[in-house]
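Novice: Give me the fold of what follows.
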Amino acid sequence: MTPPQGAGRPGARGVRRFGHTWWGRAWIEALETRAQLDPNRLPRGRTYARQERVRALAVRAGEVTAFVEGSRSVPYRVRLGVRRFTDEEWDGVIDAIAARAGHAAALLDGELDPAVAADVRGTGVDLLPGPGDLDPRCSCPDDADPCKHAAAVAYLVADALDADPFALFALRGRERDRLVADVRARRRGAARGGPDAGAAPDDADPGVPARQAWAAVPGPRPSLPPPPEVPGRPAPWPSDPPPGAPFTGAGLDVLAVDAAERAWAQLRGEGRSGLGLDGRADLARRAATVLDDVPRFSALVRAARVSAADLERRARAWHHGGAAGLAVLDQPGWRPPVATMAEGRRLVADAVGPGVTLFVRDDRILAGRILLRYAPDGRWWRMEKHRGRWEVAAPPAEAPDDLV
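Specialist: Next up, the predicted model:
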């Protein structure tokens with residue numbers, strides 16, 4: 001079971017987030033608060049996941065496997081073991097699902113109500129990871145639990161759950177087809193009062209009369225459906241603006257599309273409105289969305305009357321770090337604590353090996369063809385020279401060796 005490539009990525013619209021569905025977000029919350037993994041390694045793994053270093057991620061019964069690109073030429077092999085439920089524990093899980101008609105009906109229809117998680121927890125086990133449930137293993141020499149490579153894989157499990165929440169049952173040892181068959185058999189046994197009855201009749205959902213079910217009964221407002229996978233496009237303008245107007249119909253369409261995309265990103269939790277940006281920053285934001293579309297990027301350059309090379313440089317900074325990326329691009333040299341730069345130099349030296357000469361000056365470490373800059377917010381940024389000027393080349397990281 002492999003999640004779709006690129007699932008959940010925000011592209012140029014903001015910082016990569018993990019977990020866009022209830023199940024994906026629940027996994028991330030459990031990973032960061034209950035699984036008792038090394039809190040110093042999780043942020044570094046999150047950075048690796050955002051840098052798209054994970055390849056061939058696959059979810060199977062009791063494990064997640066992947067390859068992760070690190071500082072060496074050969075990717076590291078990662079296996080994230082997940083504790084499987086015992087047969088007795090599975091009996092309790094099946095009972096909990098089959099006892100509620102709504103849960104069982106949804107599951108048999110291929111859907112998974114988030115309330116199932118609480119019902120399963122009531123049996124004494126938890127679908128989501130808790131202490132001791134995850135066993136990270138990696139071919140890298142780091143003995144941390146987890147290393148940053150395994151932590152990156154753990155974060156990307158949220159993508160698999162966004163695509164198919166039944167992957168969580170597979171991780172615990174029971175594939176979707178068997179789970180559905182078990183619930184169907186348990187419900188059938190309960191209806192007949194046979195040995196597969198499972199939950200007691202008193203625990204079953206009594207249901208409601210059809211007249212009552214269809215009546216308009218006041219109650220809590222239903223939750224909104226999740227936002228669409230892609231934003232819609234505004235309707236075309238019915239007529240051209242009046243003569244002499246300081247805008248065109250095509251220009252209004254561009255602004256409307258941009259507003260729709262920003263609203264969509266906010267609904268997905270992947271961006272901000274951008275309403276507080278100044279003109280230069282907003283231009284960089286808009287340019288970042290059309291970097292790969294030469295005609296639209298060229299049209300933006302002409303309309304803004306700016307240098308194409310300069311706008312591309314600022315657009316790449318926005319793509320990798322938003323407003324913070326622009327700040328680093330424009331940031332004058334400053335002097336961080338000596339100990340911070342010394343530790344940064346040590347980490348980079350270990351990552352690049354003895355064949356690369358390092359130069360340290362103020363907030364910068366030059367390592368071969370890359371420049372690492374330390375920002376006042378405590379993050380490191382990788383820059384590469386293009387057309388004779390340094391450009392932001394990657395999202396920020398907590399440690400400089402993550403960027404080498």
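Novice: my hunch is that residue 128 is in a strand, does that hold up?
Specialist: No - Residue 128: not assigned to a strand; according to DSSP: H, G, I helix; E, B strand; the rest coil it is coil.
Novice: Contacts only, for the nearest residue to it once chain neighbours are set aside.
Specialist: Take residue 128 and drop its neighbours on the chain: the residue closest to it by CB to CB, 6 or more residues apart in numbering is residue 30, 3.9 Å away. Every C-beta, even on glycine, is put in place using the N, C-alpha and C of the backbone. Shown in contact with residue 30 (CB atoms under 8 Å, 6 or more residues apart in numbering): 126, 128, 129, 130.
Novice: now do residue 117
Specialist: Residues in contact with residue 117 (CB under 8 Å, 6+ apart) are 26, 126, 127, 128.
Novice: Mind doing that once more with 7 Å?
Specialist: The contact partners of residue 117, by CB atoms under 7 Å, 6 or more residues apart in numbering, come to 26, 127, 128.
Novice: ok, and for whatever helix or strand it lives in, which residues are buried?
Specialist: Element membership of residue 117, judged by DSSP states H and E, is helix 115-121. Residues of helix 115-121 classed as buried: 116, 117, 119, 120 (neighbour count, 16 or more other CB atoms under 10 Å).
Novice: was I right about the third one contacting residue 96?
Specialist: Yes - counting by CB atoms under 7 Å, residue 119 touches residue 96, with 4.4 Å between them.
Novice: List the buried residues for stretch 55-74?
Specialist: Neighbour-count burial for stretch 55-74, counted by 16+ other CB under 10 Å, picks out 57, 59, 62, 63, 64, 65, 66, 67, 68, 69, 70.
Novice: a strand runs through the first one, doesn't it?
Specialist: Yes - counting by three-state DSSP, residue 57 is located in a strand.
Novice: ok, it to residue 66 distance?
Specialist: Separation of residue 57 from residue 66 (CB to CB, to the nearest Å): 4 Å.
Novice: Report the set of residues contacting both of these two.
Specialist: Counting by CB under 7 Å, 6+ apart, the common neighbours of residue 57 and residue 66 are residue 153.
Novice: Rounded mean pLDDT for the helix holding residue 117, please.
Specialist: Mean per-residue pLDDT for helix 115-121: 87.
Novice: ok, then the element right after that helix?
Specialist: Going down the chain from helix 115-121, the next helix or strand is strand 134-138, by DSSP H and E.
Novice: So what are the sheet partners of that next one and their directions?
Specialist: Strand 134-138 sits in its sheet next to strand 76-82 (antiparallel), going by DSSP bridges.
Novice: List the buried residues of the next helix or strand after the partner strand.
Specialist: For strand 76-82, the following helix or strand on the C-terminal side (DSSP H and E) is helix 87-98. Neighbour-count burial for helix 87-98, counted by 16+ other CB under 10 Å, picks out 89, 90, 92, 93, 94, 95, 96, 97, 98.
Novice: From the residues you listed, pick the one nearest residue 157.
Specialist: Distance to residue 157 across the buried residues of helix 87-98 (CB to CB) is lowest for residue 93, with 19.4 Å.
Novice: Look up how far residue 173 lies from that closest one.
Specialist: Residue 93 is 10 Å from residue 173, by CB to CB.
Novice: now residue 31
Specialist: 19 Å.
Novice: Out of the contacts of residue 30, which is nearest to residue 183?
Specialist: Among these, and counting by CB to CB, the member closest to residue 183 is residue 126, at 18.7 Å.
Novice: Quick check: closest non-adjacent residue to the closest one.
Specialist: That would be residue 120: by CB to CB, 6+ apart, it lies 7.0 Å from residue 126.
Novice: got a list of what the one you found touches?
Specialist: 93, 96, 127.
Novice: ok so, going back, could you dump the contacts of residue 117 to CSV with pLDDT and distance to residue 322?
Specialist: As requested, the contacts of residue 117 are arranged in CSV below (pLDDT from 0 to 100; distance: CB to CB, whole Å):
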residue, pLDDT, distance to residue 322
26, 90, 27
127, 91, 34
128, 92, 30
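Novice: could you say what helices and strands whatever helix or strand residue 254 lives in packs with?
Specialist: According to DSSP H and E, residue 254 maps onto helix 249-267. If you count contacts as 3 or more CB pairs under 7 Å, 6 or more residues apart in numbering; DSSP states H and E, helix 249-267 packs onto no helix or strand.
Novice: Quick check: next helix or strand after that helix?
Specialist: Criterion used, DSSP H and E; the element after helix 249-267 is helix 279-288.
Novice: Just the terminal-to-terminal distance for stretch 115-127.
Specialist: 12 Å (CA to CA, to the nearest Å).
Novice: thinking again about what came up before, hmm, which two among the buried residues of helix 87-98 are most spread apart?
Specialist: Greatest spatial distance among these (CB to CB): 89 and 98, at 15.0 Å.
Novice: ok so, going back, between residue 31 and residue 173, which is the more surrounded one?
Specialist: Between residue 31 and residue 173, counting by other CB atoms under 10 Å, residue 31 is the more crowded of the two (23 against 17).
Novice: The more buried one touches residue 154, doesn't it?
Specialist: Yes - Residue 31 is within contact range of residue 154, at 5.7 Å (criterion: CB under 7 Å).
Novice: Ramachandran angles for the residue nearest to residue 128?
Specialist: phi -70, psi -40 (degrees, to the nearest 10).
Novice: All the helices of the stretch 101-250 of the chain, residue numbers only.
Specialist: Applying DSSP state H, counting those that start in this stretch to the stretch 101-250 of the chain gives helices spanning 101-108, 115-121, 148-163, 167-171, 176-192, 210-214, 249-267.
Novice: just those helices: most buried one?
Specialist: Of the helices of the stretch 101-250 of the chain, the one with the most neighbours on average (mean count of other CB atoms under 10 Å) is helix 148-163, at a mean of 26.
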